[in-house]
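Asks: Below: sequence and its predicted model.
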Amino acid sequence: MGLNFSEYESKWQKKWAEAKAFQAETTSAKPKYYALDMFPYPSGSGLHIGHMASYTPGDIVSRYKRVNGFNVLHPMGYDAFGLPAEQYAIQTGIHPAITTDKAIASFRKTLQSFGFSFDWSREISTCEPKYYKWTQFIFLKLYERGLAYQKEVPVNWCPALKTVLANDEVIDGKSERGGHPVIRVPMKQWMLKITDYAERLLNDLDKVDWPERTKEAQRNWIGKSEGARITFKIEGESETFEVFTTRPDTLFGVTFMVMAPEHPLVKKITSQPQHAAVEDYVLATSRKSEVDRKATTDKTGVFTGAHALHPITGEKIEIWIADYVLTDYGTGAIMAVPGHDARDFEFAKKFNLPVKRVLSPAASGGGEGGDELPFEGEGTLVNSDFLNGLSKAEAIKKMLSHLESKKLGIREVQYKLRDWLFSRQRYWGEPFPIVNFPKAGQLGVPVNELPVMLPEVADYEPSDSGEAPLAKIADWVNYAGKPGFGEGEQGRRETDTMPGAAGSSWYFLRYIDPNNDKAPFSPDAEKYWMPVDLYVGGPEHTVGHLLYSRFWMKVLFDVGLVTHDEPFKKLAHQGMILGPDGQKMSKSRGNVISPEEIAKTHGADSIRTFISFMGPLDTDKPWSPTGIDGVKRFLDRVGRLVVTDDGQYVATKDALPPATEKLLHKTIKKVTEDIESMSFNTAIAAMMILVNDLYKAECRSELALKPLTQILAPFAPHLAEELWEKLGGTGLCSLAPWPKYDSTLCADDTVTIGVQVNGKMRGTIELGVTASEEEALAAAKEVSTVAAVLAGKNPDKVIYKAGKILNLIVK
Ligand code: ANZ
């Protein structure tokens, strides 16, 4: 019998496990390489093909690094707290721990059947007490530093899920999980002060090797704006109010003021006749989500009847309220400059408010549509007293100095980033290690009492009022104080739980020392293993998990628990695998490809190799049934170079034909470089060319087949092991040193270069790398498309760069 993947795939999985082939060495003289995949949420619906697409790249690199002399850490675990298991518990009464365990067991089995070279001895799950003990420990570090606090805030409340959601969990006004409507209501919540780290989170993006679009998305989310906070007096009132503006240069163009409807002064300053209208508007706004407020194009608002006084001219300016001014950005109030701000302009048009020009397009290089207002381009100040004639940048500077010297305002930096909403009124999450005492106040639980165990409950259903299920368990909630910790008092535990992103914000630090019961991880392990060298996962985590993890890492750095302040040195995103119809896979479309099903007919190696072959790593690619057939045929062809279908060993010890030897070395070089640059599809294409050549040259020599097997191993590790064994390779192929290539054999003898006539590309010629100008010209004349343009004439000028280009000029 020939090779049978359903036999050899499980055979090699067993051998790898027995040999502990992929366990990272705890102490090692080798350089380290930490390859991390975003760990999955263990849902009941199993692993899908997208998971495979996500885990294959990191596995290829891990396998490659391992045989290139690195001590590789390639771990896997489970992001196991969260809503779906809990929703299921509410429906069925089955404890989330039970469904989670079951899902984990199924995930593990599937992952193992794909031959991923994970170090299974380091597996973690965020819902286990021995893990979340340290999540609570890290929370206490944040709490001690004043980075965790409680506050009454307008939150995204999802009535269907009966919980609050973080901004990144709300998409277009709906919950990310389940698509339920989300409204804004004020509630007391735990918050983490990620805003304290805004500047560092922004600046340190320059230190990491991440896709530029991901860095840019984080920069925009952090949203730094430099400007001024300017104070305005209110006519007839003792109180003043402040605005945040990035354009102090336009101060002379202010024609009205706008406060957010929630602004604390609104009630106070509203005049009697405007009372009812203002009240109605405030109520209507409270029903809108932040997303809706930002999205509406039609401007609405109401005049308060009050007036502000211009800080320089003393002019009276109407104060309006409008929902396009957000309460939690800047000061929640703005100076409106309709001449130079589009939103203010729309508002002024709608309510017939004056529009004033204070900037003209610069005399030179103007033309930015400056004749019409609003004009948002660069220009020269006009109608602006002491700023007249200055450029925008000069005017900003001058106005800032003026405001500061007259104590009318100060320079200020604002960030769009909000503090991280860190509590959920749900059951299936980490309990907060916090007790509230009537006299001793709020205290963090002593470390020796960690973990604060998540208790059993009979009823997982949260209440409509937003009270968490844990609040119903009296003997858990009540806490008898002890010496030094609320002595003689009856305290109450916090009953909210942490959000899903708590456990995932530091899990990469637990893998490095997963069984430590004295500390979250040892300092030595951190020094050695961190940062993660390669992190692979979807781009959808850009402003959630990837930002939160960076924040926690920086806090731990400040606490002195880690020596690196960025967790992920290099980040790569894999594209999505779409259905054969080119649409996103979904159950409702019926276009879902099950990895287990395909593995039964094609083997895990075919799936891994096909996923890598479909196209560049980061692009979305449609699944193709004929494509995977083709890849399977390729792997079968590789196998038959060694063993025939009836089981005959047919490899030889023959010397390699010179041309084949050259191609072999070129292929090793290409695959090596392509894995380094994560260009897996081209690596596979190169191996296909080599295999075709071997068949054509009727070459079955072990001299070619052994290295071919090795360079194929990161992609199709089971087949590679099987062939390696047959070819008499030493030890496991997965651990055999990567083949070296001879650069002299890789040099190209001929190159293909372009031929241009008068700067226009007309064709290509293939010639020796050292060919002379005469040879190149002669070859070019043979190309019909070039000959047609030359029309028998000799070129007036020839520019020839050997190996690069031939450029012909004809008059
Ligand atoms: C006057 C002005 C004139 C403005 C002008 C812009 C252009 P970024 O860059 O996003 O930070 N603003 C301030 N607080 C706001 C709030 N709570 N809700 C809505 N808008 C607010 O934008 C800063 C600008 O957004 C500020 O500068 C302010 O309008 C507005 F020609 O002030 B500007």
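Replies: Yep, that arrived.

Asks: Which parts of the stretch 51-200 of the chain are helices?
Replies: For the stretch 51-200 of the chain, the helices defined by DSSP state H, counting those that start in this stretch cover 83-92, 96-113, 129-144, 198-203.

Asks: Ok, which of these comes nearest the ligand?
Replies: Checking the helices of the stretch 51-200 of the chain against the ligand by CB to the nearest ligand atom gives helix 198-203 as the closest, at 12.9 Å. Quick note: C-beta positions are derived from backbone N, CA and C, even for glycine.

Asks: Please identify the buried residues of the closest one?
Replies: 198, 200-202 (16 or more other CB atoms under 10 Å).

Asks: picking that back up, His51 is nearest to which of the helices of the stretch 51-200 of the chain?
Replies: helix 96-113 (8.2 Å; CB to CB).

Asks: who's in contact with that closest one?
Replies: 9-10, 13, 17, 40, 42-44, 46-47, 55, 76, 78, 80, 85-86, 88-89, 118, 120, 123, 125, 127, 427-428, 460, 595-596, 599, 604 (CB atoms under 8 Å, 6 or more residues apart in numbering).

Asks: what pLDDT, on average, does that helix get?
Replies: The pLDDT scores in helix 96-113 average 96.

Asks: what does stretch 522-542 give?
Replies: 96.

Asks: Stretch 241-255 too?
Replies: The average pLDDT for stretch 241-255 rounds to 98.

Asks: Pop the domain breakdown of the chain in here.
Replies: Using automatic domain parsing, the domain parsing of the chain gives 33-137+503-578, 148-208+431-493, 224-415, 595-745, 748-809.

Asks: need those domains in CSV with distance to Phe5, can you?
Replies: Shown next, in CSV, are the domains of the chain (distance: least, CB to CB, whole Å):
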stretch, distance to Phe5
domain 33-137+503-578, 11
domain 148-208+431-493, 37
domain 224-415, 49
domain 595-745, 4
domain 748-809, 36
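
Asks: out of those, deepest packed?
Replies: Burial of the domains of the chain is given as mean neighbour count (mean count of other CB atoms under 10 Å); domain 33-137+503-578 ranks first at a mean of 20.

Asks: and Gln23, how far is that from the ligand?
Replies: For Gln23, the distance to the ligand (CB to the nearest ligand atom, to the nearest Å) stands at 50 Å.

Asks: dump the residue contacts of whichever residue of the stretch 501-650 of the chain sits closest to the ligand.
Replies: Closest approach between the stretch 501-650 of the chain and the ligand, counting by CB to the nearest ligand atom: Val543, at 16.3 Å. Residues in contact with Val543 (CB under 8 Å, 6+ apart) are 168, 217-218, 221.

Asks: Show me the residues you listed that map onto helices.
Replies: 217-218, 221 (DSSP state H).

Asks: Please pick the buried ones from those residues.
Replies: By neighbour count, with 16+ other CB under 10 Å, the ones in helices among the contacts of Val543 hold 217-218, 221 as buried.

Asks: which of the residues you listed lies closest to the ligand?
Replies: Closest to the ligand, out of all of those and judged by CB to the nearest ligand atom, is Trp221, at 12.5 Å.

Asks: List the residues that contact Ser286.
Replies: When contacts are counted by CB under 8 Å, 6+ apart, Ser286 touches 184, 261-262.

Asks: and the stretch 151-300 of the chain, which residues reach the ligand?
Replies: Neighbours of the ligand within the stretch 151-300 of the chain, by CB under 6 Å from any ligand atom: 225, 244-247, 250.

Asks: Quick one: these as JSON lines, columns for secondary structure and distance to Pro539 too.
Replies: Converted to JSON lines, these look like this (DSSP: H, G, I helix; E, B strand; the rest coil; distance: CB to CB, whole Å):
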{"residue": "Ser225", "secondary structure": "strand", "distance to Pro539": "25"}
{"residue": "Phe244", "secondary structure": "strand", "distance to Pro539": "31"}
{"residue": "Thr245", "secondary structure": "strand", "distance to Pro539": "33"}
{"residue": "Thr246", "secondary structure": "coil", "distance to Pro539": "29"}
{"residue": "Arg247", "secondary structure": "coil", "distance to Pro539": "33"}
{"residue": "Thr250", "secondary structure": "helix", "distance to Pro539": "37"}
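
Asks: Could you list the residues of this structure in contact with the ligand?
Replies: Proximity of the chain to the ligand is confined to 225, 244-247, 250, 325-326, 329-330, 332, 334-335, 337, 340-341, 414 under the rule CB under 6 Å from any ligand atom.

Asks: Please repeat the previous calculation with a cut-off of 8 Å.
Replies: Applying CB under 8 Å from any ligand atom, we find that the chain lies next to the ligand at 223, 225, 227, 243-247, 250, 253-254, 260, 324-337, 339-341, 343-344, 374, 376, 414, 416.

Asks: From those residues, which land in strands?
Replies: 225, 227, 243-245, 333-336, 414 (DSSP state E).

Asks: wait, what's in contact with the residue nearest to Ser612 when sequence neighbours are not counted?
Replies: Excluding the flanking residues, the one nearest Ser612 by CB to CB, 6 or more residues apart in numbering is Phe680, at 3.9 Å. Listed by CB under 8 Å, 6+ apart, the contact partners of Phe680 are 57, 60, 612-613, 617, 674, 715.

Asks: List the contacts of the most centrally placed residue in the chain.
Replies: The chain has Thr542 as the residue nearest its centroid, 2.9 Å off, counting by CA atoms, centre = their mean. Going by CB under 8 Å, 6+ apart, Thr542 touches 214, 217-218, 221.

Asks: Please repeat the previous calculation with a cut-off of 10 Å.
Replies: Contacts for Thr542 were tallied using CB atoms under 10 Å, 6 or more residues apart in numbering; they are 168, 210-211, 213-218, 220-221, 571, 573.

Asks: Quick check: mean pLDDT of stretch 455-472?
Replies: 84.

Asks: Can I get it in PDB, CA atoms only?
Replies: Included here for stretch 455-472 are C-alpha records, laid out as PDB according to Å, rounded to 0.1, in the frame of the first residue of the first chain:
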ATOM      1  CA  PRO A 455     -19.400  31.000  43.500                       C
ATOM      2  CA  GLU A 456     -22.100  28.600  42.300                       C
ATOM      3  CA  VAL A 457     -25.400  30.200  41.500                       C
ATOM      4  CA  ALA A 458     -28.800  28.700  40.900                       C
ATOM      5  CA  ASP A 459     -29.900  31.400  38.500                       C
ATOM      6  CA  TYR A 460     -27.600  33.000  35.900                       C
ATOM      7  CA  GLU A 461     -30.200  35.500  34.700                       C
ATOM      8  CA  PRO A 462     -29.100  39.100  35.400                       C
ATOM      9  CA  SER A 463     -31.900  41.400  36.600                       C
ATOM     10  CA  ASP A 464     -33.500  44.100  34.400                       C
ATOM     11  CA  SER A 465     -32.200  46.800  36.800                       C
ATOM     12  CA  GLY A 466     -28.700  45.900  36.000                       C
ATOM     13  CA  GLU A 467     -27.900  44.100  39.300                       C
ATOM     14  CA  ALA A 468     -25.500  41.200  38.800                       C
ATOM     15  CA  PRO A 469     -26.400  37.500  39.500                       C
ATOM     16  CA  LEU A 470     -23.700  37.400  42.200                       C
ATOM     17  CA  ALA A 471     -25.700  40.000  44.200                       C
ATOM     18  CA  LYS A 472     -28.300  37.300  44.900                       C
END
